[in-house]
Structure formats: C-alpha cells, structure tokens
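S.K.: I need the structure of the sequence given here:
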Amino acid sequence: MTAACFVLGGAAKASDNVNWRWKSPFQPCNGDCAFTFYAGPSVQTNVQNIFFHGIPPWSWKLDKGGIVAGAASRRIATVFNVFDIEAEIGIGQRFGNMHETEFWEAIYVRYTDFPWNKWLYTTFAMSTGFNYATGISDFEKVVGQLDPPGGTHIMHFWSPEITFALPDRKNLQLVFRLHHRSGFYGLVSGAFSGASYLTVGLRFWF
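M.R.: Residues are numbered from 1 along each chain as shown. This next block holds a predicted model:
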C-alpha cells in the first residue's frame, strides 16, 4: 500500500511539473482569445537566405506589393508555464504586384518567458499549418521552382512572429510577423517557396 501511494504520488508530482493545461474551445475566452490585424510589403529576398544567412530585415529586398490581413486565434494549451499553443484561422488580401486572397489555418507555439518581461513583455512564436491562395501569381510561379514553371494553391503556412506589450497591458500587443507561404523544400505540393510579407500589426486578447 505504501509503495503504491509512493508511485501514485510520484506520478502526480511529475504531472504537476509538466503542467500541461488544456483549455476547452467551448469555455468562455477569459483572456485566451485574440484578434490580430496586420499589413506590410512583399518580400523578394529568399526566406532561406534570411534565416540561414542571417540577413537582417533592413537588408531585405521589398517591392511594391503588399498584404492586409486579419486572424482569429485561441490559446488551447500551456506547457511548463512558458509555452503557449494557439490555434489560428486567417484571411489576407494581396495588392500591388499580386492580387490573390489567402486563407489559412495554423497552430502556433509561443515562448513567453523572456527575462526582461517585467519591463517589456515579449513573446516569440512559430507556426505550422496550411495556406490556400485563390490564384497563382507570376511571382509564385518563379519562386515555386517547378519545371515547367508553375505554382500551387495550397502551401505550408510558416510565419514566425515576435510581439511586444507593456507588462500591465499584455492584452494589447504590437506584432511583427513574417507572413510566409512555404513549400517546405518541395514537400508541400511540390513547390519550393511562395509569397512572403514583412508585416506589422496589433493583437487584442480578450
């Protein structure tokens, strides 16, 4: 009996340390829901070069195109009190050199425990999901690197972001997102890459 209690107690303690808290999508938001609105110019610099060669944003090649987008998200779990898992759906309208509409659904994993958060609340998140574009632009036909040249409506949605907020106003955040349709090295629909946008916006948690 004592051994059984010890084993059960140890399992409970381990579970407490993991601290995996699920949040039902049917319960009231209570600060776990958000709307995000953002916009920004099209990026011509290859995303692989941006991250693997460390090209800073001020050196990225931009063009006359852009996107205006909005998204709804909900925090669905918290792990170790430092990682949030969020589900997001969104819609974006391209303009300028591309005119298609984008729709996406994604899961974001967000790190929330930066040491300076008591002065400037900061989070960093990465996404995985799917993005659908209503058309295939000339730009995506080129960066898709298909032979013969072409593109694809469905691509991977890989859009890293960083947010900033006042510590006492965490519900209102400034968002910087690299909005990117990714071919995931050809694993998604065969295309190598897609359109990217350097965006800034606001997120409202409620």
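
S.K.: helices and strands of this protein: which one has the lowest mean pLDDT?
M.R.: helix 2-18 (a mean of 39; mean pLDDT, DSSP states H and E).

S.K.: helix or strand right after that one?
M.R.: Once the chain leaves helix 2-18, the next helix or strand it forms, by DSSP states H and E, is strand 21-22.

S.K.: direction included, what does that next one pair up with?
M.R.: Within its sheet, and counting by DSSP bridges, strand 21-22 is paired with strand 62-79 (antiparallel).

S.K.: how many neighbouring residues does A71 have?
M.R.: 24 (other CB atoms under 10 Å). Yep, even glycine has a C-beta here, placed from its N, CA and C like the rest.

S.K.: just the strands from this protein, written as ranges.
M.R.: 21-22, 33-43, 62-79, 83-95, 101-111, 121-133, 154-157, 161-165, 172-182, 193-205 (DSSP state E).

S.K.: partner strands of the second one and their direction?
M.R.: Pointing back at strand 33-43 there. Strand 33-43 sits in its sheet next to strand 62-79 (antiparallel), strand 193-205 (antiparallel), going by DSSP bridges.

S.K.: skipping adjacent residues, who's closest to T101 in space?
M.R.: Leaving out its chain neighbours, the residue that sits closest to T101 by CB to CB, 6 or more residues apart in numbering is T134, at 4.7 Å.

S.K.: contacting residues for that neighbour?
M.R.: By CB atoms under 8 Å, 6 or more residues apart in numbering, the contact list for T134 reads E100, T101, E102, H153.

S.K.: got it, and V68?
M.R.: Y38, A39, G92, Q93, F95.

S.K.: got it, and M126?
M.R.: Contact partners of M126, counting by CB under 8 Å, 6+ apart, are Y108, V109, W158, P160.

S.K.: 10 Å instead?
M.R.: Going by CB atoms under 10 Å, 6 or more residues apart in numbering, M126 touches A106, I107, Y108, V109, R110, Y111, W158, S159, P160, E161.

S.K.: can I assume the first one is in contact with H156?
M.R.: Read that as A106. Yes - taking contacts as CB atoms under 10 Å, A106 lies within contact range of H156: 9.4 Å.
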